[in-house]
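Q: model the structure of this input:
(2 chains)
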Number of protein chains: 2
Amino acid sequence: MESVSGAEAGLAAAIERALHGLPHLSVHRDGNALVARTALGRPERVILAGHIDTVPVAGNLPSRREGGLLYGCGSCDMKSGVAVALRLAARLTAPRPDVTYVFYDCEEVEAERNGLLRLSRNSPGLLRGDLAVLMEPTDGVIEGGCQGTMRAEVTAHGKRAHSARSWMGQNAIHGAGGILDRLRSYQPREPEVDGLTYHEGLNAVGISGGVAGNVIPDECVVEVNYRFAPDRSEEEAAAHVREVFEGYQVAITDSAPGARPGLDHPTAAPLLAAVPGAPRAKFGWTDVARFSLLGMPALNYGPGDPMLAHSRDEHVPVAQIAEIEATLGTWLTG
Amino acid sequence: MESVSGAEAGLAAAIERALHGLPHLSVHRDGNALVARTALGRPERVILAGHIDTVPVAGNLPSRREGGLLYGCGSCDMKSGVAVALRLAARLTAPRPDVTYVFYDCEEVEAERNGLLRLSRNSPGLLRGDLAVLMEPTDGVIEGGCQGTMRAEVTAHGKRAHSARSWMGQNAIHGAGGILDRLRSYQPREPEVDGLTYHEGLNAVGISGGVAGNVIPDECVVEVNYRFAPDRSEEEAAAHVREVFEGYQVAITDSAPGARPGLDHPTAAPLLAAVPGAPRAKFGWTDVARFSLLGMPALNYGPGDPMLAHSRDEHVPVAQIAEIEATLGTWLTG
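A: Here you go, the predicted structure:
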C-alpha cells in the first residue's frame, strides 16, 4: 500500500482497523498517527515506534519477493519494522512490561510536519515510558541513541572596495580562510557514552560570499554543521561552536539534541543479551531524540540495511523480519 | 540632455548637427556613435574620445550650477570631457597633428554593447592613430594606460558523504582553504611600466559551495579577479593565475587586456609638460585598453573627480573644464 509522506491516510486507516478489534489495546488516533497501548498496570512500559510514510515511489511498487528478499518502496525504510510492531501488537496480549505501539506519519519530510513531534505536543502522556525502541533499519543490530546536530553561520567581515584598488578594502573571503583553518585543524571527539563510542564531526556544509566580479567583498558566511555525541547538551554544543570560532560572528540557526543510548537501563539488558552482534553507536540523528526529550532512553533496532534506505532498489531479507519479531517477542514476554 | 545608456539617440543627433556644419571635419555615424576627423595630411594623428551615455538618472537632472560647481547626472562621468572634445572639434580648424574625435554610446553597460568596441569592429580604420586620449574623469591629472582584468574560477573537489559520517567523505569547502591560503599569502607586483608604477591585485570576489545542510560538499568554487599591470599580456596573466593555483582546477572566465601608458611616446611629451601634477598609473580598467588593442598607446585625462562618478551628487568644477580645454588646445595647436 502506497504511503508517501502526506498521503498516509489509507495506510493509517488500515492499521486502525487492524488494531481496533484487539481487546487488550486502547487505540488513539491523531491525524495519520496511531498510538495503541496495553494498560496492564505493569511497573515498566516499553515503546515500539515506527513511521508509516515513505520517500516518493521510484518505480519500485508493487513490491515483490525475489528469493529470500522483499523488494519495494518502504520495504527497508521502514515498513518491515512497522509490520513487526503491528504483529507484536496483535500477538502479545499479556506482555511482561506494558507496551505502547506508535505508528506515525511524515518522518521523511521537514521536521515541523513530523507525526511523532505532533503527538509529543498534543498528547505527551501517551508517549510516556521507560525505554523506547525505534524500529528504523539497523540491519538487526542495536544502535544506541543518536548524535545531536547543530547548524551555525560563521561570518567573516571585511571592507568593500573596488577590486582595481583592492588594498583600499579588506577581503572577507580571504578572512574566511581563518574559519576554514579552524575547521581543517579541528580534532573531533570520539567519546564513550554508556558503553558506546560516538564520533563527532564539525564541518562546513556551505559557504557564500561576493558582491560582484569587481568588488572586494565585505562579508563571507560559512555554514557549519556540528554533529555532537549525546554526552553534550544543545547548550554545551552551542558553547563549543562559539568557542571554536571565537573572534568571528556565530549565529546558531538550527539545533536538535542527541539521545543517550540507554543501554545501561535495566529494561534493555535482556534485549541486549538476545540480539546477536555488539551494539553500536548511532551517528545520524533519528527520532529517538524525541523520546530522549520526553525523558526516556531510546535505541534503534529494526530489519533492513540502513544504507539501502531511500534507494530505488531498497529491500530487506524476509528472514531478518521474522528474526527480529521473534527476538522482540521473547524480550517482551520472557 | 538625458542620455542614459541605450537612449543616446537625441544627444547623438545633437552632436551630429554640431559637427556637420564644420568644413574641416569629415563625420561618420555608427548607431549612436560619431567619429569626426580632420584630414590635413599631418604625420601624426591624435584621438580624443569620450562616451556620451550616463548611468541612470538619480533625481540629479536637470543639472545646475552652484558657485563654481556644475552638478548633474553625467557632469563628471563624462559629459564635461565630451563637451571639451566637442568644443575643440569646432575650434581647432588646423591642429598640428590630425585629430580624430570619437563620441560613443553604451560605455556604462555590458561590454558587448560598447559603442567603441562596435566601432573598432565595424570601422577600425577610423580609429587609427598614434596616441589616444580618453577623456574620462581624472581630476585633471594624466593617468597612463590601465591595468588588465581577468576572472577565473578556481575549484576544489572533494567527496560527498552524509555529515553524520563526515569521515567517509572529503570536504571540498575545507579543501578550498588551500585556495584561500594562496590568496592570503599572495604578494602582488608593483611594477614600473613606461615610468609609472602599477599595483596589481589577486582577490577572491566570490565563493560558493555546499549541497545541503547535512551533506559534506564535493565542490567549492572560488571566483578570483586578477588585476594585472600592462607589462603582462592576457596570456601571461592567465599563465600566472594557473601557476598560483597549481593543483586546483582553474577556468578563465573573463579577460580584458591592460594598456601601456604610452607616456614615453614623443607625441605625449608636450602634453605631459603642460599638465600640472605628476602623471600616475591608472589602476582600473578603462576603454583605453581598446585603443591599446588597436596598437596605439592611450592615456586618461579629463575633468572631474573619478571618485564622484556614478554618485547622485556628481559634479565638476567649471574652471577645471576650461583649464583642460585650454591645455589640450595648446597641445594640439602649439
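Q: starting at the chain centroid, how far to the worst-scoring helix or strand of chain A on mean pLDDT?
A: Scoring the helices and strands of chain A by mean pLDDT, DSSP states H and E places strand A:161-162 at the bottom, with a mean of 88. Taking CA atoms, centre = their mean, to the nearest Å, one finds strand A:161-162 lying 47 Å from the centre of the chain it belongs to.
Q: again, but for stretch A:17-31
A: 26 Å.
Q: ok so, going back, which helices and strands does the least confident helix or strand of chain A pack with?
A: Packing partners of strand A:161-162 (3 or more CB pairs under 8 Å, 6 or more residues apart in numbering or on different chains; DSSP states H and E): strand A:215-216. Every C-beta, even on glycine, is put in place using the N, C-alpha and C of the backbone.
Q: quick revisit: in its sheet, what does the least confident helix or strand of chain A sit against?
A: Here strand A:161-162 is paired, per DSSP bridges, with strand A:215-216 (antiparallel).
Q: shaky segments in the stretch 201-334 of chain A?
A: Across the stretch 201-334 of chain A, nothing is flagged by pLDDT under 70.
Q: run the contact check for stretch A:173-193 versus chain B.
A: Yes: judged by CB under 8 Å from any CB of the partner chain, stretch A:173-193 comes into contact with chain B through A:173-174, A:176-177, A:180-181, A:183-184.
Q: between the residues you listed, which is closest to residue A:290?
A: residue A:183 (29.6 Å; CB to CB).
Q: tell me which element that closest one falls in.
A: helix A:172-184 (DSSP states H and E).
Q: dump the C-alpha coordinates for that helix into PDB.
A: The C-alpha trace of helix A:172-184 is given here as PDB (Å, rounded to 0.1, in the frame of the first residue of the first chain):
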ATOM      1  CA  ALA A 172      36.100  39.000   3.800                       C
ATOM      2  CA  ILE A 173      36.500  35.800   1.700                       C
ATOM      3  CA  HIS A 174      40.200  35.800   2.400                       C
ATOM      4  CA  GLY A 175      39.300  36.400   6.100                       C
ATOM      5  CA  ALA A 176      37.100  33.300   6.000                       C
ATOM      6  CA  GLY A 177      40.300  31.400   5.400                       C
ATOM      7  CA  GLY A 178      40.700  31.700   9.100                       C
ATOM      8  CA  ILE A 179      37.400  30.000   9.700                       C
ATOM      9  CA  LEU A 180      38.400  27.200   7.300                       C
ATOM     10  CA  ASP A 181      41.800  26.900   9.100                       C
ATOM     11  CA  ARG A 182      40.000  26.100  12.300                       C
ATOM     12  CA  LEU A 183      37.800  23.500  10.600                       C
ATOM     13  CA  ARG A 184      40.800  21.900   8.900                       C
END
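Q: averaged pLDDT, it. What do you get?
A: Mean pLDDT, helix A:172-184: 98.
Q: parallel or antiparallel, list what pairs with the helix or strand just after it.
A: Sequence-wise, the next helix or strand downstream of helix A:172-184 (DSSP H and E) is strand A:192-193. Here strand A:192-193 is paired, per DSSP bridges, with strand A:196-197 (antiparallel).
Q: next SSE downstream of the strand it pairs with?
A: Under the assignment DSSP H and E, the closest C-terminal helix or strand after strand A:196-197 is strand A:201-209.
Q: let me know the angle separating that next one from strand B:201-209.
A: 120 degrees (axes from the mean of the first three to the mean of the last three CA atoms, to 10 degrees).
Q: ok, strand A:201-209 near chain B or not?
A: Yes: using CB under 8 Å from any CB, we find that strand A:201-209 touches chain B at A:201, A:203-209.
Q: what's around residue A:65, how many residues?
A: 12 (other CB atoms under 10 Å in any protein chain shown).
Q: likewise residue A:276?
A: Residue A:276: 9 neighbours (other CB under 10 Å).
Q: residue A:323 sits in which helix or strand?
A: Residue-wise, residue A:323 maps onto helix A:318-333 under DSSP H and E.
Q: grab the most central residue of chain A for me.
A: residue A:286 (0.8 Å; CA atoms, centre = their mean).
Q: separation between residue A:30 and residue A:103?
A: Distance, residue A:30 to residue A:103, using CB to CB, to the nearest Å: 11 Å.
Q: so which of the two has more stuff around it?
A: residue A:103 (27 against 17).
Q: could you check how far the more buried one is from residue B:87?
A: 87 Å.
Q: what does residue A:176 give?
A: Noted for residue A:176: a distance of 51 Å to residue B:87, by CB to CB.
Q: between those two, point out the one with more neighbours.
A: residue A:176 (31 against 16).
Q: pretty sure the more buried one contacts residue B:180?
A: Yes: between residue A:176 and residue B:180 there is a contact under CB atoms under 8 Å: 6.8 Å.
Q: which residues do those two both contact?
A: Both residue A:176 and residue B:180 lack any common contact, where contact means CB atoms under 8 Å, 6 or more residues apart in numbering or on different chains.
Q: how many residues are close by the nearest residue to residue A:320 once chain neighbours are set aside?
A: Excluding its sequence neighbours, the residue lying closest to residue A:320 (CB to CB, 6 or more residues apart in numbering or on different chains) is residue A:303, at 4.4 Å. Residues within reach of residue A:303, counting by other CB under 10 Å, total 29.
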